[in-house]
Structure formats: structure tokens, C-alpha cells
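Asker: Pasted the sequence and its predicted model underneath.
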Amino acid sequence: MLEKMYDLFGWPFYQRHAFDNLLLLLKNFFADGLAPKRILASLLAAVELFTAAIFKTPQPPMGEKIDLTGYTRVVYDDFDGDSLNEDLWQVRGTYPERSGFAAPSQVKVENGNLVITAEYLTDGVLGEGWYSAEVALKEWQTYGGYFEIKCKCNTGKGFWSAFWMQSHNSYDHEKSAGGVGGAEIDIFEAMGANNYHLKKNQNCVTQTVWYNGGDDDVENIDKVGLGTYSANDIYNTYNTYGLLWTEDEYVFYVNGVETARTSTAVSHAEEQLLISLCVPDEIPFDHDYKTQYLIDSVSIYRK
């Protein structure tokens, strides 16, 4: 019953954890009588739940560590060469994106990293403007795997680093069918610099599932917001972000520790794995602005 309520509200792990603790403490309180320590713990749990749910404050990962017993790594790229491995990857193309463009010119491999650069080009392939890129794994993926990236996110506001999946039918009301026919799975997006004024809260990532057909509203995309989580100096230090995608649920991780899980909108469709330095709707920067997304490695495990 509680799990259905959690999924209905789209609560991430830390909110579920806080509410479970609160219920347990209340149960013990009524069973054992007044105890100062239990009162204090109950209040702390209530504050944790309140601040997480109402103020959307970034939280540290609080769940179980990833257990890959029985899994084998089937895809691994540490970008140790001097060019993109075209047997595995493709740059998604050249096209307009929001207030700029995506183009292969913004992708390179150097110093053991896949590097995606966002910058203003006066001689870009589609003309003058802001350019970035998306890189896609050629082999489309299905449930039954664990997908992980190790990376440094781009600094500054505006453009944002992302590791995500997208199906052919993620946004189609009938074909997505509530997510089972395809969803957008944002394993992480580093949008903290855009959404939080306090510097300490900018060092965080969001995790979200988007789909359609979950209600009768055809035009608006449905969303499961799974929370905002802090990591370890994400702009200057390598962190890992992962997704365990089973037939029944999604389980999200930061640095190998569970952050959130949901059984809502679990895709049974083929999904394309993407690495993007996303272009914002508005770019209020001088033309000398430049930012980079550095990817150390990508791994995929399957049973």
C-alpha cells in the first residue's frame, strides 16, 4: 500500500526513507510511551521529509549500494584513444536545438575523455550561433541492465550535462501508453547551477522519467520527478551516475548508492542511450563563453 502511495507521489528514496522512519518511530512511541530520544528522532525525520518534499532541497544518496552480483559488463569505453569509437558511438547529427545547434564539430576524444564543448561559432556548419552536441550509443538498449557514466559536468549556468535514454515513442500519447511503450529516462541532468541560487546547492543533479499516456491529457508530457541529489564536486571531480532498469522498476544511483526508485512508466521498448551537453532556451552570455562536459567512461552490465 505504501509503495503505491510513494509511486503516486513520485517520492525518491530519501522521502520514502524519512516517511518509513517516521511511521516506525510513531509506532514505537505509542507502543513504548514517551521517550525523549524517539521524540527528537521523529522530529528530525519529519523535518527531513518536509524540507525534501516542500523545498526540493538536494539530498545526499541514502540508499543501498549497487550490487552487480550475477551481472557481466558487456559494454565499456574509457575513451583512451584519440577519436570516437564509431563501432560503438555516433554523433546524433547536425540540427537546430532550442536557441542553438548540435553538430559533430563539438565532439572530440582527448586525454582519456570524451569531450563535448558548447561555444559560440561564427563559422558553424549551420551558420553563426551557439553549438553543442549529443552522442548516442549505436546499439539500442532494453530493460535488464545497469547503465553507468563516470564524468565531470560542465561548469556555469545555461548549458547542462546529461546522461539519458529516449525511445521512438517517448512522447506519443498512444504509443508511449503510460511509459511501457517508451519513456525518456534522465539518469542524471546537472541543472543545479540554473535552478539554485546558493552555491552549495548547485553541486547536484536531478533524476527524472518522462512519458505520455499516463492520463487523458494528450498534449502535456507526464513526469516522475525522482529528486535532486548532491555529489562530490561534480564540476571538478569524476562522479558516477547509474540506472538499474529491470522489467518492473527503475533504480537510480549516484556514486554507486541508491537515490531513488520507481515502478511508474517502466519502458519495455528499445531505448537509445545518450550523452548530451544540452542547449538552453535562452543564452544570455557573451560570445566568448565556453563550457565542456568530460566523460571518463561508460559501462553497461547485464545478467
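Answerer: Happy to help now that I have it. From a predicted model like this one, the values you see are computed outputs, not experimental measurements.
Asker: Just give the closest residue to D233, not the sequence neighbours.
Answerer: Nearest residue to D233, sequence neighbours excluded (Cβ to Cβ, 6 or more residues apart in numbering): N203, at 6.4 Å. Where C-beta positions appear, they are placed from N, C-alpha and C, glycine not excepted.
Asker: do the same with L88
Answerer: D77 (5.8 Å).
Asker: Pairing partners for the helix or strand harbouring E148, with directions?
Answerer: Per DSSP states H and E: E148 is located in strand 145-152. Strand pairing for strand 145-152, determined by DSSP bridges: strand 239-245 (antiparallel), strand 290-302 (antiparallel).
Asker: what angle do the following helix or strand past it and strand 290-302 make?
Answerer: Next helix or strand after strand 145-152 toward the C-terminus (DSSP H and E): strand 160-166. Relative orientation of strand 160-166 versus strand 290-302 (axes from the mean of the first three to the mean of the last three Cα atoms, to 10 degrees): 30 degrees.
Asker: Strand 160-166 pairs with which strands?
Answerer: Assessed with DSSP bridges, strand 160-166 is paired to strand 184-189 (antiparallel), strand 272-278 (antiparallel).
Asker: which residues are in contact with the longest one?
Answerer: Here strand 272-278 makes contact (Cβ atoms under 8 Å, 6 or more residues apart in numbering) with 92, 97-98, 106, 114, 116-118, 132-137, 140-141, 147, 149, 154, 159-167, 189, 291-293, 295, 298, 300.
Asker: These, buried ones only, as a ChimeraX selection?
Answerer: Only the buried entries of those go into this ChimeraX selection, using 16 or more other Cβ atoms under 10 Å:
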select :92,97,106,114,116,117,118,132,133,134,135,136,137,141,147,149,154,159,160,161,162,163,164,165,166,167,189,291,292,293,295,298,300
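Asker: residues touching the closest residue to L68 other than its chain neighbours, list them.
Answerer: Excluding the flanking residues, the one nearest L68 by Cβ to Cβ, 6+ apart is Y301, at 5.5 Å. Listed by Cβ under 8 Å, 6+ apart, the contact set of Y301 reads L68, Y71, T72, R73, V74, G145, Y146, E148.
Asker: hang on, the first one in a helix?
Answerer: So that's L68. No. Using DSSP: H, G, I helix; E, B strand; the rest coil, the secondary structure at L68 is coil, not a helix.
Asker: thought it was touching G145?
Answerer: No. Contact between L68 and G145 fails when scored by Cβ atoms under 8 Å: they sit 10.4 Å apart.
Asker: These two: which has the busier surroundings?
Answerer: G145 (19 against 16; other Cβ atoms under 10 Å).
Asker: what bridges to the residue lying closest to that one once chain neighbours are set aside?
Answerer: Of all residues not flanking G145 in the chain, R302 sits nearest, at 4.7 Å (Cβ to Cβ, 6+ apart). Beta bridges link R302 to T72, G145, judged by DSSP bridges.
Asker: Since that was my last question, I'll sign off now.
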